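In: Task: produce atomic coordinates for the following.
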Amino acid sequence: MSEAAPARERVAIEDPGQLIPVVRSTALVRCNPLTKIAVALILMVGALLSIDIVSAGVVLGFSLLALPLSGLDLWAALKRLWFLPLGALLAAWGTAILAEKTGAVVVDLGPILMTTGSLESAAAIFVRALALAVPLVVLASTIDPRDLSDALVQHLRLPETVVVSVLAASRLLGLLVTEWQTLAMARRARGLAGGSVLRRTGSLFAGIFVLLVQSIRRGTRLAMAMEGRAFGRRGRTWRRRSRFGIADAVVVLTALAVTVAAIASAHLLGTWNPIIPG
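Out: Below is the predicted model:
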């Protein structure tokens, strides 16, 4: 067990398939995957209950300040998550144009009319979108799929056959893409690629058929391996135990405190604007 854990940690840190690579192990990275999901949901509640810039700003500010504790490659995060501010900006632009026009007029260009009220709503939507997306993406990037499957089966008692099958399918997806690229290069080297549309169509279906045969064979071997390891049967033991520790409790309590602070700040400053009016 002591030898397996560092190996698993190294694989998680060096996994190239992650959206944001994990470059160092921290207390947050070592938390249980269910804890990370709970933290993301708790922070999302703080930003979802109201459309105002204060509550969303508190959640977003905490998420940005906590980024160094996530162990992620922050430079890679900036390069790969550029679409998040762009998407939030587009949502804010649409809100500024379509929101109810209250307050003084700021921009009046014919069909484009923006007031102080619509711009405030746009700013709230911009910050709110980032407050919802950043914690979810950051925490999801630190979750190892194998640890997540162990936690789902051992703690939530989900059917292990289904969970492990989904895990295997997700892990084999990248292998499927690699095999398709290898198959395409092999056919190109033999002169079977290119030519007329009819020939390229036939080559495409031939490649799909070969890939299907390989997938069926691999699936059969995987099913036999799962059967040999007694998946789905009672009394099966686990080599990796999914556990909760003190760090899990601290992280969850911190997320709850941030959410309460976000809601309380919005009420104190008078910006609370619930999505479901009471």
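
In: can you give me the strands in the stretch 51-200 of the chain?
Out: Secondary structure of the stretch 51-200 of the chain (DSSP state E, counting those that start in this stretch): strands at 105-109, 112-115.

In: Can you point out the buried residues in the shortest one?
Out: Using 16 or more other C-beta atoms under 10 Å as the burial criterion, the residues of strand 112-115 that qualify are 114-115. C-beta: built from backbone N, CA, C; applies to glycine.

In: partners of that strand, with directions?
Out: Strand 112-115 has the following strand partners under DSSP bridges: strand 105-109 (antiparallel).

In: tell me the mean pLDDT for the partner strand?
Out: In this model, strand 105-109 carries a mean pLDDT of 85.

In: And the contacts of it?
Out: With contacts defined as C-beta atoms under 8 Å, 6 or more residues apart in numbering, strand 105-109 is touched by 113-116, 119.

In: ok, those residues vs Leu72, which is closest?
Out: Taking C-beta to C-beta as the measure, Leu119 is the one of the contacts of strand 105-109 closest to Leu72, at 32.8 Å.

In: quick one, helices of the stretch 151-278 of the chain?
Out: Ranges of helices in the stretch 151-278 of the chain, per DSSP state H, counting those that start in this stretch, are 160-189, 197-228, 246-269.

In: quick check: angle from the longest one to helix 160-189?
Out: The one in question is helix 197-228. Between the axes of helix 197-228 and helix 160-189, defined by axes from the mean of the first three to the mean of the last three C-alpha atoms, to 10 degrees, the angle is 150 degrees.

In: Next: the last one.
Out: Compare the direction of helix 246-269 with that of helix 160-189 by the same axes, to 10 degrees and you get 90 degrees.

In: elements contacting helix 246-269?
Out: For helix 246-269, the elements it packs on are helix 33-48, helix 53-65, judged by 3 or more C-beta pairs under 8 Å, 6 or more residues apart in numbering; DSSP states H and E.

In: What mean pLDDT does it get?
Out: In this model, helix 246-269 carries a mean pLDDT of 96.

In: Contacts for it next, please.
Out: Helix 246-269 is contacted from outside by 27-28, 30-32, 35-36, 38-39, 42-43, 45-47, 49-50, 52, 54-56, 58-59, 62, 272, using C-beta under 8 Å, 6+ apart.

In: What of stretch 221-237?
Out: Under C-beta under 8 Å, 6+ apart, the answer for stretch 221-237 is 159-161, 164-165, 168.

In: Tell me how far that stretch lies from the chain's centre.
Out: 29 Å (C-alpha atoms, centre = their mean, to the nearest Å).

In: same check, this time on stretch 73-88
Out: Relative to its parent chain, stretch 73-88 has a centroid offset of 13 Å by C-alpha atoms, centre = their mean.

In: quick one: which of the contacts of stretch 221-237 is nearest Arg241?
Out: Lowest distance from Arg241 to the contacts of stretch 221-237 (C-beta to C-beta) belongs to Glu160, with 14.1 Å.

In: coming back round to it: from the contacts of strand 105-109, which is closest to Ala91?
Out: Leu119 (13.6 Å).

In: For the closest one, which non-adjacent residue is spatially closest?
Out: Spatial nearest neighbour of Leu119, excluding adjacent residues (C-beta to C-beta, 6 or more residues apart in numbering): Ala96 at 5.7 Å.

In: which residues sit in contact with the one you found?
Out: For Ala96, counting by C-beta under 8 Å, 6+ apart, the contacting residues are 114, 118-119, 121-122.

In: Quick check: the two most widely separated of those?
Out: Within the contacts of Ala96, two members stand farthest from each other by C-beta to C-beta: Met114 and Ser121, at 10.2 Å.

In: thought Val137 was touching Leu81?
Out: Yes - in this structure Val137 lies within contact range of Leu81 using C-beta atoms under 8 Å: 6.5 Å.

In: Which residue ranges make up each domain of this structure?
Out: Following the TED database, one gets these domains for the chain: 27-143+244-269, 148-229.

In: ranking these by burial, who's on top?
Out: domain 27-143+244-269 (a mean of 18; mean count of other C-beta atoms under 10 Å).

In: Would you pull up how far that one lies from the middle of the chain?
Out: 14 Å.
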